[in-house]
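In: pasted the sequence and its predicted model underneath.
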Amino acid sequence: MMNPEIISINSFLNNQDIPIQISNLNLDYKDFEKSKSSNKPIGNIRAYAANTYQGIIRDYNEDRVSITLNVGKPSQDYKGIWPKCSIFGIYDGHGGNTCADFLRDNIHSFIIQDKNFPSNPKNALLNGFQKAEEYFINNYALNKDNPNELYDKSGSCAIIALIIENKCYIANVGDSRAIISLNKGKEIKVLSTDHKPNEEKESKRIKLNGGKIYQTQTSTIKNINNKNIIQNQILIGPYRVLPGRLSVSRTIGDAEAKLPQFGGKKNVIISTPDITSFTIDNDIDFLMLGCDGIFDQLSNEEVSKCVWLSCDLDKSKEFYDIKNLSDQCSCCVDMIMKSSLIRKTFDNITVVLICFSNFEKEFNNKINLCNKDSLYQYYLSTEPEPTYNDEKVRLDNEDYDIDELDENYNKYSLKKETLPTSMKLIFKNNNITNFNWKKGKINKKNTTSKKNGKLPLSPKMKTVLKQNFFNSYLKK
């Protein structure tokens with residue numbers, strides 16, 4: 001037998017050789033539901049979508065999501081101008097779902113009811129996290145009549161995006177992550193720190209307060225190349241903290257790891273969030289929040305790739321019905337989720353995607369390009385065949401005199417900037433520069449034409465142009 005091979009559990013479970021491709025959208029997983037998305041824009045938030053799933057190994061889901069839009073004044077006593085603000089959160093629970101449920105339902109209240117909100121959002125977030133933990137431990141984890149009796153051992157990581165007007169604040173406890181994409185995916189920024197026990201800052205605090213950091217070991221045997229050559233493998237697990245046996249160094253809850261009467265030690269596992277912020281400028285594409293189950297198998301760059309790859313509408317339309325920006329956000333989230341699943345992430349997985357104006361602009365450009373040919377073909381094949389003669393044209397079950405249409409046509413003038421998008425695309429697709437309405441001819445860019453590019457317009461095309469133009473403008 002050969003000498004044992006020592007590898008980390010992360011390397012053992014790594015499936016990053018599986019490519020990120022648009023066909024991942026077609027993967028089918030038991031009880032996986034399509035991501036939920038927004039109905040309409042809200043200020044700088046042009047669209048958003050979210051999803052959570054138990055994964056392929058576990059038969060339970062301890063992750064929770066909260067989305068609180070247009071947060072109202074907590075009290076009429078507030079005399080200042082109340083800003084437009086929203087809160088998005090992911091709560092990755094462990095040891096049960098009680099703490100994650102509590103945070104989903106309550107943490108936003110602790111934040112907005114703090115005296116520092118909304119004038120000092122960072123302090124409001126710091127105080128809100130602290131008050132949420134204190135309330136949870138005193139009212140959920142402990143027996144009120146006997147503080148030496150533990151009712152609930154659960155805890156949770158938490159990552160929150162607080163958006164106030166054009167400013168976004170990220171507060172993180174644990175190993176969930178926030179990233180933003182800028183300039184159409186050309187740049188990616190990480191806005192949070194994974195609170196792992198082996199991180200230098202975290203390790204120093206843990207040891208200073210009497211905690212210990214360790215790794216578990218598990219032995220396995222593998223057959224090399226099916227040649228009956230047996231080799232031991234020693235799998236090294238993730239770094240963990242004592243007390244608590246947690247693989248993260250910051251959480252909310254986990255009373256057993258924090259309270260001395262249960263063997264815990266103060267300030268080893270803490271609930272203090274790291275807070276970062278950014279201004280929602282025109283170069284910001286989207287903000288993505290994800291739990292560690294996503295990033296166990298996907299890098300930050302691969303998450304961004306999932307988003308932009310799903311925006312290739314010519315390819316994604318085969319798997320997804322995308323009619324608007326909200327549909328696109330939903331598609332992006334599902335693409336991230338399924339790409340992590342195909343790489344066999346073992347954890348629960350949760351994603352929140354928030355899209356801003358730069359992403360909306362790029363989406364509109366892509367959907368216009370995608371629809372150019374299909375719109376043209378649609379209008380040319382419209383049924384039933386519209387009736388047309390030299391005197392009248394029948395539109396919407398009414399007969400219009402040609403002269404009447406010409407008069408109104410001249411009144412509004414056929415300028416490109418006044419056309420509906422669909423007609424702009426038809427004109428652009430046919431290189432039409434202007435249109436002589438009464439003579440039924442168009443000027444078309446064609447240097448080989450012997451008649452200055454003037455080509456006859458078919459009766460059907462002329463009717464289509466009239467119908468779409470006057471439906472949009474004549475009846476205003």
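Out: On my side now, so go ahead.

In: and the helices in the stretch 51-200 of the chain?
Out: Taking DSSP state H, counting those that start in this stretch as the test, the helices found in the stretch 51-200 of the chain are 98-112, 121-136, 200-208.

In: please name whichever of those helices is nearest to Gln297.
Out: Nearest to Gln297 among those is helix 98-112 (21.7 Å), distances taken as Cβ to Cβ. (Each C-beta comes from the backbone N, C-alpha and C, glycine too.)

In: would you mark the buried spots in the closest one?
Out: Within helix 98-112, the residues that count as buried by 16 or more other Cβ atoms under 10 Å are 98-104, 106-108, 110-112.

In: stretch 160-172 too?
Out: Those would be Ile160, Ala161, Leu162, Ile163, Ile164, Cys168, Tyr169, Ile170, Ala171, Asn172, for stretch 160-172 by 16+ other Cβ under 10 Å.

In: so where is the stretch 301-450 of the chain shaky, pLDDT-wise?
Out: Under the criterion pLDDT under 70, the flagged ranges of the stretch 301-450 of the chain are 369-450.

In: make it 50
Out: Where the stretch 301-450 of the chain drops to pLDDT under 50, the residues are 373, 375-420, 422, 433-450.

In: before we move on, the earlier item: what is the nearest of the buried residues of stretch 160-172 to Ser310?
Out: Within those, proximity to Ser310 (Cβ to Cβ) peaks at Ala161, which comes in at 21.0 Å.

In: touching, that closest one and Lys167? I think so.
Out: No - contact between Ala161 and Lys167 fails when scored by Cβ atoms under 8 Å: they sit 11.0 Å apart.

In: what do the two both touch?
Out: Residues touching both Ala161 and Lys167 by Cβ atoms under 8 Å, 6 or more residues apart in numbering: none at all.

In: ok, which stretches of the stretch 51-200 of the chain are strands?
Out: 63-68, 85-94, 142-143, 146-150, 155-164, 167-173, 177-182, 187-190 (DSSP state E, counting those that start in this stretch).

In: ranking these by burial, who's on top?
Out: Among the strands of the stretch 51-200 of the chain, ranked by average contacts under mean count of other Cβ atoms under 10 Å, first place goes to strand 155-164 (a mean of 27).

In: what packs against it?
Out: Using 3 or more Cβ pairs under 8 Å, 6 or more residues apart in numbering; DSSP states H and E, the elements in contact with strand 155-164 are strand 85-94, helix 98-112, helix 121-136, strand 167-173, strand 177-182, strand 252-253, strand 284-290, strand 349-355.

In: partners of the first one in the sheet?
Out: The one in question is strand 85-94. Using DSSP bridges, the strands paired with strand 85-94 are strand 63-68 (antiparallel), strand 155-164 (antiparallel).

In: that one relative to strand 167-173, how many degrees between them?
Out: If you take axes from the mean of the first three to the mean of the last three Cα atoms, to 10 degrees, strand 85-94 sits at 20 degrees to strand 167-173.

In: tilt between strand 85-94 and strand 284-290?
Out: Computed by the same axes, to 10 degrees, the angle separating strand 85-94 from strand 284-290 equals 30 degrees.

In: give me the below-cutoff pLDDT ranges for the stretch 1-150 of the chain.
Out: In the stretch 1-150 of the chain (pLDDT under 50), the answer is 1-2, 8-9, 12.

In: how much space separates Ala257 from Ile137?
Out: According to Cβ to Cβ, to the nearest Å, Ala257 and Ile137 sit 11 Å apart.

In: got the helices and strands packed on strand 155-164 as TSV, with distance to Lys144 columns?
Out: Listed next are these as TSV, based on distance: least, Cβ to Cβ, whole Å:
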stretch	distance to Lys144
strand 85-94	22
helix 98-112	15
helix 121-136	12
strand 167-173	25
strand 177-182	36
strand 252-253	17
strand 284-290	34
strand 349-355	32
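
In: quick one, which of the ones you listed is nearest to Leu208?
Out: The minimum distance between Leu208 and these falls on strand 167-173, with 19.1 Å, by Cβ to Cβ.

In: endpoints of stretch 254-274, how far apart?
Out: In terms of Cα to Cα, to the nearest Å, the two terminal residues of stretch 254-274 are separated by 19 Å.

In: look up phi and psi at Ile294.
Out: Main-chain torsions, Ile294, degrees, to the nearest 10: phi -70, psi -50.

In: quick one: contacts for the residue most central in space within the chain?
Out: With distances taken as Cα atoms, centre = their mean, Leu353 lies nearest the centre of the chain, 1.6 Å away. Counting by Cβ under 8 Å, 6+ apart, Leu353 makes contact with Tyr48, Ala49, Ala50, Phe286, Leu287, Met288, Leu289, Val307, Cys329, Cys332, Val333, Ile336.

In: so the first one, which state does it fall into?
Out: In the three-state summary, Tyr48 is assigned as strand, counting by DSSP: H, G, I helix; E, B strand; the rest coil.

In: just give me the neighbour total for it.
Out: A total of 27 residues lie near Tyr48 under the criterion other Cβ atoms under 10 Å.

In: dump the residue contacts of it.
Out: Neighbour list for Tyr48: Ser37, Ser38, Ile67, Phe88, Ser326, Cys329, Val352, Leu353, Ile354, Cys355 [criterion: Cβ under 8 Å, 6+ apart].
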